[in-house]
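Student: sequence unknown, structure follows:
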């Protein structure tokens, strides 16, 4: 693990200078689309296409944006392209806050991206546990704390064991929350029960829990979750926002038509691999998805087109087109 001097001279004393602004606190509650990043055949950002998606979600009532998240396929993007995305996202975000995911397994890259995110106008950073090589809890703490110091931005941890290979345990989260301004944690993946443990810790350490399970908002919000970072919001932000607002108003799942529609979507997207199942929900809404970021077989292309057609039929029934 590389220590502070290896991250550009950032020292522990810099933690106290990280400012939590009113705008960054707006990232603690609401619906935050995990923005899909359309690229051309060379992997370069299609800025106007990304802006079209961002504008659609904003019109639907999105609270802010998660940029360069898992749905945005950040591991496929060159570092220079990730920086372009951050700059473009700020240009098209209006007054909405930006949560910049600067995850990488290389501490120097994380530090560089964190500093760049701050200079580009991001309001907080998000970090997954470094993937591929598992780290001890103590080394995870060092990674998260030094990364926040380098960025000089408030932190959202991002727990996604299915991608990282291991979960961020409660002791690690508590230690990080004691050292840096931690706004919250995003809980993704299949371990629904972990929301409960995180919420209990958040009440003690003064951070919120945001879910990645956007189709389970009625259930997670009933526990105390304050919102969602939502891949489905790229093409279905209206359904996700309506569900969120209905739950906030005291309604239960069986009283929310859009929650039922999202459940139908959830059942269908398992027919094709993530994240191209998300791409299908976007394209069916008439929004641009760009070129695939990795090699895709003819069979997978056919499955994608079939899923797009299936979603278009559904959207037509739900009066979402036109």
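Tutor: In hand now; what should we look at? Everything numeric here is computed off the predicted structure, so don't read it as measured data.
Student: so how far is residue 315 from residue 265?
Tutor: 10 Å (CB to CB, to the nearest Å). Heads up, the C-betas are built off the backbone N, CA and C, glycines and all.
Student: same thing with residue 230?
Tutor: 17 Å.
Student: same question, residue 245
Tutor: 20 Å.
Student: for the chain, which helix is longest?
Tutor: In the chain, taking DSSP state H as the definition, the longest helix is helix 298-317.
Student: And for that helix, what's in contact with it?
Tutor: With CB atoms under 8 Å, 6 or more residues apart in numbering as the contact definition, helix 298-317 has outside contacts at 261, 264-265, 268-269, 271-273, 276-277, 279-281, 283-285, 296, 321.
Student: for stretch 166-178, same thing?
Tutor: Under CB under 8 Å, 6+ apart, the answer for stretch 166-178 is 129, 134, 137, 140-141, 144-145, 155, 157, 159, 161, 182, 185, 191, 194, 197-198, 201, 204-207.
Student: all helices for the chain, in order.
Tutor: Using DSSP H, helices in the chain cover 22-25, 47-59, 79-92, 107-120, 137-151, 161-164, 170-179, 194-205, 217-223, 233-248, 257-268, 276-283, 298-317.
Student: Turn the ones you listed into a markdown table, columns for mean neighbour count, distance to residue 99 and mean pLDDT.
Tutor: Below are the helices of the chain laid out as a markdown table (neighbours: other CB atoms under 10 Å; distance: least, CB to CB, whole Å; pLDDT from 0 to 100):
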| stretch | mean neighbour count | distance to residue 99 | mean pLDDT |
| --- | --- | --- | --- |
| helix 22-25 | 15 | 9 | 98 |
| helix 47-59 | 19 | 13 | 99 |
| helix 79-92 | 19 | 10 | 98 |
| helix 107-120 | 21 | 9 | 98 |
| helix 137-151 | 22 | 12 | 97 |
| helix 161-164 | 16 | 17 | 90 |
| helix 170-179 | 18 | 16 | 98 |
| helix 194-205 | 17 | 17 | 98 |
| helix 217-223 | 19 | 18 | 98 |
| helix 233-248 | 24 | 13 | 99 |
| helix 257-268 | 17 | 22 | 97 |
| helix 276-283 | 24 | 18 | 97 |
| helix 298-317 | 14 | 27 | 97 |
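Student: Which one, of the ones you listed, ends up nearest to residue 36?
Tutor: helix 233-248 (4.5 Å; CB to CB).
Student: tilt between the closest one and helix 257-268?
Tutor: Going by axes from the mean of the first three to the mean of the last three CA atoms, to 10 degrees, helix 233-248 is angled at 130 degrees with respect to helix 257-268.
Student: Report all helices and strands that helix 233-248 contacts.
Tutor: strand 30-33, helix 47-59, helix 217-223, strand 227-230, helix 257-268, helix 276-283 (3 or more CB pairs under 8 Å, 6 or more residues apart in numbering; DSSP states H and E).
Student: what's the distance between it and the middle of its chain?
Tutor: Helix 233-248 has its C-alpha centroid displaced from the chain centroid by 15 Å (CA atoms, centre = their mean, to the nearest Å).
Student: what comes into contact with that helix?
Tutor: By CB under 8 Å, 6+ apart, helix 233-248 touches 30-36, 53, 56-57, 60-62, 71, 214, 217-218, 221-222, 227-228, 230, 232, 255-256, 258-259, 261-262, 265, 278, 281-285, 287, 320.
Student: give me that answer again for 7 Å
Tutor: The contact list for helix 233-248, computed with CB atoms under 7 Å, 6 or more residues apart in numbering, reads 31, 33, 35-36, 53, 56-57, 60-62, 214, 217-218, 221, 227-228, 230, 232, 256, 258-259, 261-262, 265, 278, 281-282, 284-285, 287.
Student: got it, and stretch 84-93?
Tutor: By CB under 7 Å, 6+ apart, stretch 84-93 touches 35, 37, 45, 47, 50-51, 54-55, 65, 67-68, 98, 100, 116-117, 120-122.
Student: quick revisit: between the helices of the chain, which gets nearest to residue 292?
Tutor: helix 276-283 (7.4 Å).
Student: Can you spell out which helices and strands pack onto that closest one?
Tutor: helix 233-248, helix 298-317 (3 or more CB pairs under 7 Å, 6 or more residues apart in numbering; DSSP states H and E).
Student: okay if I get those as CSV plus distance to residue 169?
Tutor: Output for the helices and strands packed on helix 276-283, formatted as CSV (distance: least, CB to CB, whole Å):
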stretch, distance to residue 169
helix 233-248, 29
helix 298-317, 36
